[in-house]
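Trainee: sequence? don't have it. structure:
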């Protein structure tokens, strides 16, 4: 398995080959975040230098998915691409077309080929459509589900979750 640092350099080279203006100020070391459960990557700017971080969940993902996530994050180093605006989307489409990635604003566990074993403490179910809303933290929603509605308009009930700790 190629190291994450080597994959980062590969992805940066791929972007530059397409004339995508990624920053020259990207730290060459990829940090692994073992606490990230819903996001797969992060691009942090500190003192005009970019630091790329990925979730430890991606260590089990296929190499192409790790590269895709790194590509998503390095696109944030391009001028005018801190968010997922039109410029960022244009660069993502260029990378997708050239290298077979599927870079998008958001990605699911299934799309990355990894298990979704996120734990949660609260599970709300819609009485109408059966949709499930999972929450880790206590909130107004978990304390007073009767004050909220599902997207379909149905009432929400708090149920006992299948806690996966």
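Mentor: Great, that's in hand. If you're wondering where the values come from, they're calculated on a predicted model, not measured in any experiment. Numbering: from 1, shown residues only.
Trainee: let me see the contact set for the closest residue to residue 96 other than its chain neighbours.
Mentor: In space, residue 96 comes closest to residue 103 once its chain neighbours are excluded; the distance is 5.6 Å by CB to CB, 6 or more residues apart in numbering. Any C-beta I mention is one placed from the backbone N, CA and C, and that applies to glycine too. Residues in contact with residue 103 (CB atoms under 8 Å, 6 or more residues apart in numbering) are 68, 71, 72, 75, 92, 95, 96.
Trainee: pretty sure the third one contacts residue 41?
Mentor: Okay, so that is residue 72. Yes - Residue 72 lies in contact with residue 41 (CB atoms under 8 Å); the separation is 6.0 Å.
Trainee: just the helices in this structure please.
Mentor: 4-17, 63-75, 86-99, 109-112, 140-143 (DSSP state H).
Trainee: those helices: which one's closest to residue 23?
Mentor: For residue 23, the closest of these is helix 63-75, at 8.1 Å, according to CB to CB.
Trainee: low-scoring pLDDT stretches of this protein, where are they?
Mentor: Confidence mapping of the chain against pLDDT under 70 gives the ranges 1-2, 117-119, 161-165.
Trainee: any chance you could map the strands in it?
Mentor: Listed in chain order, the strands found in the chain under DSSP state E are 31-33, 41-46, 49-55, 122-126, 132-135, 156-159.
Trainee: for the second one, give me every contacting residue.
Mentor: Residues from elsewhere that reach strand 41-46 (CB under 8 Å, 6+ apart): 33, 36, 50-55, 58, 69-70, 72-74, 76-77, 82.
Trainee: at 7 Å instead, please
Mentor: Surrounding strand 41-46, the residues in contact under the criterion CB atoms under 7 Å, 6 or more residues apart in numbering are 50, 51, 52, 53, 54, 69, 72, 73, 76, 77.
Trainee: and the residues you listed, which is closest to residue 111?
Mentor: The closest of those to residue 111 turns out to be residue 69 (CB to CB; 10.6 Å).
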